[in-house]
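Novice: pasting a predicted model and its sequence here:
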Amino acid sequence: MRLLRNGDFVSGVALAGLGVFIVVEAWQWEYLGRDGPGPGFFPLWFGIAMIALSLLLVALSVKNRDAVSDKAVDWSKVGNALYAWAGLALCVALLTVLGFVLSFGLFVFFLVLVIYRRPLGTAVATGVALPVVFYLLFQVTLGLELPVGKLGF
Amino acid sequence: MDIFGSLLQGFAVAITPINLFWCFVGCFLGTVIGILPGIGPAATIALLLPLTFQIEPTGAVIMLAGIYYGAKYGGSTTSILLNVPGESSSVVTCIDGYQMARKGRAGPALGIAAIASFIAGTFGVIGLTLLAPPLAKFALRFSSPEYFALMAFGLSMVVLLAGESFTKALLAMLVGLWLACMGIDLFTATSRFTFGTPNLLDGIDFVVVAVGVFALGEVLSNMESRHSGQMLPVPKGIRNLMPTWQDLKDCRFAFLNGSVTGFVIGVLPGAGATIASFITYGIEKMVSRHPERFGTGIPEGVAAPEAANNSDAGGALVPTLALGIPGSGTMAILLAAFILWGLKPGPFLFQDNPQFVWGLIASMYVGNVMLLVLNLPLVPAFAQILRTPAFVLYPTILGISVVGTFSVSSSLFDVAMLAGFGLLGYTMRRLDYPAAPLILGFVLGDSMERSLRQSLMMSQGDLSILVSRPLSASMLILTALVLIVPMFKQANAWRLKAAG
């Protein structure tokens, strides 16, 4: 249980899993063809290297498990960052429906109010001002395309 | 006419008031647009190329030279200030540049980047002036085995980017190689690791990975605590915003190293500024008296890759002008522009159109000077960006990242992947995995696999082709040394620790 809080152990296991996936996939492709190495050649080797190195990482983290407490992930600190990331993911998901200006505005409002804990007025002002500046700078001035939603902007 | 006579004639054309004006406009626009992630020199030139068709060819070429240098410097600015690499060759600048900014030394970092760009850019153009024909012949000796050896040497730089854990750095690099593998295999049309989605058939764009891992990962890290609203320090007074004499003295070798390495690698078609910047950084760390300070924010860590990045420009023009082979995406666009103006780059260009060639070379000298004149005074202004309150600055970085990614191919799938790579970058930070090796693997993976497979096709599967050619053999020996020496040192350290 203590090991499950250790980042090296968990990431080592995850990367070993990824290595196995790469090897299994690469196994299905041609390794050596008539004209030389096939599409499976390169992935097979780095997949094997990934499995070996991640198992080494796992072994080292088990060997040094007494030092686990120093390296354990502090989940309380991670919360805020994950909230911000979830906000970004939602903003990206809303791009097709609301377009860039609206979804980015809502995202900025959320960040300023919830993550930075600023007053409501500041959050509203920033949530309105930033998307407008982006629209004027990128779309109007530079002619770059911004994601458009169902509302047409 | 000799080289210097021709060059003087080129200067006579380049330094007329109107052409200086076009150069200024090019540098300014290049810097401003190059700041956006995803819009590197190639995209900036493509974006602004139509503007140059409104003016006569000489002025247009001079403006393009300004745009090119400006865009390169613009990419470095965001790397230093915001940890947002504007293009692949700016990734290495993030490592020490951003750390300098965190220590309140954003101004000196930007100043060193500008000075390194000027010195190395000038070196590159001098190299182009004097050595174009013989170097073009040297570049032709590079075939697939040599490219494979060069890529392997580039990947060996992971040793020097490793930080605390070599194992984690290697694992990050392998993840980069895996990401580089995604998409259609060009040799057999097999789709690899596409998870059944057509969006991945073309592979993943560099901007998505680099901006996600570096910029978004950094922003999410900064949002961890409620006290994350603190701004990065920016000292007052112009003297504190410029590099000190000691900084410049410390960077002497870095300027030289970046200039020479960047130029030589730039000459090789397809090698590019990215591998040049990684290798230069690695060499700088290897020869340094204090390698442990790399990554903590030291001027040499900014000067070396920035110098390589700019010297590469002069080198890349060698095969473009002398052979008609574009060395990079940017050179391909420049080549297209030359052809549009009725020129035929190749072995006879120097004979048939001397006025154009020497005008272009002279305009690159002028572009370098203009960049320094324009950007050094702007360093204090750029550094003030860090005074922006965090609740405005970090959402702005997220917005720029989204717009920059979307602008590459207008794909919302790319934007979604950007968010995914942001989470990956944040997780890597939390678990002490260095991000630079992942980018190194991602950037070099595809070229390395391609050159390996081409080499083995040439030799019908015989691996000895990689060591039987002098150039590739020497580079592979160098690679082995770079990898083995630190392992011996580590083993020795463990033995001493166990003994005592």
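Specialist: Arrived safely, thanks for sending. In this text the structure is predicted, and so the values were computed from the model without any measurement.

Novice: in the stretch 251-400 of chain B, what residue comes closest to chain A?
Specialist: Nearest to chain A in the stretch 251-400 of chain B, going by C-beta to the nearest C-beta, is residue B:391, at a distance of 4.0 Å. Bear in mind the C-beta positions are built from the backbone N, C-alpha and C, glycine included.

Novice: against residue B:368, how distant is residue B:125?
Specialist: With the distance defined as C-beta to C-beta, to the nearest Å, residue B:125 ends up 7 Å from residue B:368.

Novice: residue B:178 too?
Specialist: From residue B:178 across to residue B:368, the span is 39 Å (C-beta to C-beta).

Novice: likewise residue B:203?
Specialist: The value you get for residue B:203 to residue B:368, if C-beta to C-beta is used, is 34 Å.

Novice: for the record, mean pLDDT for the lengthiest helix in chain A?
Specialist: In chain A, taking DSSP state H as the definition, the longest helix is helix A:75-110. Across helix A:75-110, the average pLDDT comes to 92.

Novice: helices of chain A, start to end?
Specialist: A:7-27, A:41-63, A:68-71, A:75-110, A:120-134.

Novice: nearest residue to residue A:40 in space, please, no chain neighbours.
Specialist: residue A:29 (3.5 Å; C-beta to C-beta, 6 or more residues apart in numbering or on different chains).

Novice: how many residues are close by the one you found?
Specialist: A count of nearby residues for residue A:29, using other C-beta atoms under 10 Å in any protein chain shown, gives 17.

Novice: give me the distance from the longest helix of chain A to the chain's centre.
Specialist: Offset of helix A:75-110 from its chain centre (C-alpha atoms, centre = their mean, to the nearest Å): 13 Å.

Novice: how about TSV for the helices of chain A, with distance to residue B:435 and mean neighbour count added?
Specialist: Output for those, formatted as TSV (distance: least, C-beta to C-beta, whole Å; neighbours: other C-beta atoms under 10 Å in any protein chain shown):
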stretch	distance to residue B:435	mean neighbour count
helix A:7-27	14	19
helix A:41-63	17	19
helix A:68-71	19	13
helix A:75-110	16	19
helix A:120-134	26	16
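
Novice: export those to JSON lines and tack on distance to residue B:254?
Specialist: Formatted as JSON lines, the helices of chain A follow (distance: least, C-beta to C-beta, whole Å):
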{"stretch": "helix A:7-27", "distance to residue B:254": "34"}
{"stretch": "helix A:41-63", "distance to residue B:254": "32"}
{"stretch": "helix A:68-71", "distance to residue B:254": "34"}
{"stretch": "helix A:75-110", "distance to residue B:254": "34"}
{"stretch": "helix A:120-134", "distance to residue B:254": "37"}
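
Novice: now for those, which one comes closest to residue B:456?
Specialist: The minimum distance between residue B:456 and those falls on helix A:41-63, with 8.5 Å, by C-beta to C-beta.

Novice: mind listing what the spatially most central residue of chain B touches?
Specialist: Nearest to the geometric centre of chain B sits residue B:89, at 1.6 Å (C-alpha atoms, centre = their mean). Going by C-beta atoms under 8 Å, 6 or more residues apart in numbering or on different chains, residue B:89 touches B:40, B:72, B:75, B:272-274, B:276-277, B:305, B:308-309, B:312.

Novice: near chain A, which residues of the stretch 401-500 of chain B are found?
Specialist: Within the stretch 401-500 of chain B, the positions adjacent to chain A are B:402-403, B:406-407, B:410, B:412, B:415-416, B:418-419, B:422-423, B:426-427, B:430-433, B:449, B:452-453, B:456-457, B:460-461 by C-beta under 8 Å from any C-beta of the partner chain.

Novice: what's the ChimeraX line that selects buried ones from the residues you listed?
Specialist: Buried residues within those, by 16 or more other C-beta atoms under 10 Å in any protein chain shown, are selected in ChimeraX with:
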select /B:402,403,406,407,412,415,416,418,419,422,423,426,427,430,431,433,449,452,453,456,457
